[in-house]
Structures are given as C-alpha cells and as structure tokens.
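Q: sharing a sequence plus its predicted fold:
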Amino acid sequence: MTSLLALVIAWFGATLVRQVTSRNRVEQALTRSLLTTRTVLARSTRSSPSTSAARFARSTTPAKRSSAMRQAKLSA
C-alpha cells in the first residue's frame, strides 16, 4: 500500500511540474506578443501618414515620385 501511495504522489508531482512548465512557456509567449504589439503601436503612432509622405517627397526626385504614384494607383 505504501508503494502505491508513493507512486500516486510521484505521478501527481510530475503532473504539477508539467503544468507549471507549460504555464511558464505560455506566459513567456504572451509577454513576447505583448511587447511586439506595444512596439508596433508605438511606431505607428510616432509616424503619421502625412509625415511619411513628406519624408518621401523630400528624399526622392520628382521622377521617382511620379513613378511611385503610378505604381500605387495601379496596385489600388
């Protein structure tokens, strides 16, 4: 009877260890996901479309801008 009790306690302990390990992995994945979401949102709020367009206009030549606009119209 004592060996059966020891076996049940060992099985229960192993189950608890597996659950804790699994929970830790899930928590780490959620933390990474949250950090990624926060990074994406922070970057998107810092750079508005008008700011990006103004940067694009300053950084390219008129020929490149008109070509890019044609491409955007064709893909839309």
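A: Right, received. Where do you want to start? Numbering: from 1, shown residues only.

Q: next one, pLDDT for Thr45 please.
A: Reported pLDDT at Thr45 in the predicted model: 72.

Q: do Thr2 as well
A: We have a pLDDT of 90 for Thr2.

Q: over to the one 3 residues further on?
A: On pLDDT, Leu5 comes in at 93.

Q: also Gln28?
A: The score at Gln28 is 95. That number is its pLDDT.

Q: which stretches of the protein have low pLDDT?
A: Flagging of the chain using pLDDT under 70 yields the residue ranges 46-76.

Q: residues near Trp11, how many?
A: By other CB atoms under 10 Å, 10 other residues sit near Trp11. For the C-beta atoms, the positions are set from N, CA and C on the backbone; glycine is no exception.

Q: what do you get for Gln19?
A: Applying the criterion other CB under 10 Å, we find 10 residues in the vicinity of Gln19.

Q: measure it to Ala10 for me?
A: From Gln19 across to Ala10, the span is 15 Å (CB to CB, to the nearest Å).

Q: then Gln28?
A: If you measure Gln28 against Ala10 using CB to CB, the figure is 27 Å.

Q: likewise for Leu34?
A: Noted for Leu34: a distance of 36 Å to Ala10, by CB to CB.

Q: do the same with Ser22
A: Taken as CB to CB, the spacing of Ser22 relative to Ala10 amounts to 19 Å.

Q: what about Arg25, which helix or strand?
A: When secondary structure is defined using DSSP states H and E, the element that contains Arg25 is helix 2-46.

Q: helices or strands up against that helix?
A: Here helix 2-46 is seen to pack against no other helix or strand when contacts are counted using 3 or more CB pairs under 8 Å, 6 or more residues apart in numbering; DSSP states H and E.

Q: Ser3: how many residues sit nearby?
A: 7.

Q: how near is it to Ala10?
A: Relative to Ala10, Ser3 is positioned 10 Å away (criterion: CB to CB).

Q: repeat for Glu27
A: Distance of Glu27 to Ala10, given as CB to CB: 26 Å.

Q: same check, this time on Thr31
A: With distances defined as CB to CB, the gap from Thr31 to Ala10 amounts to 32 Å.
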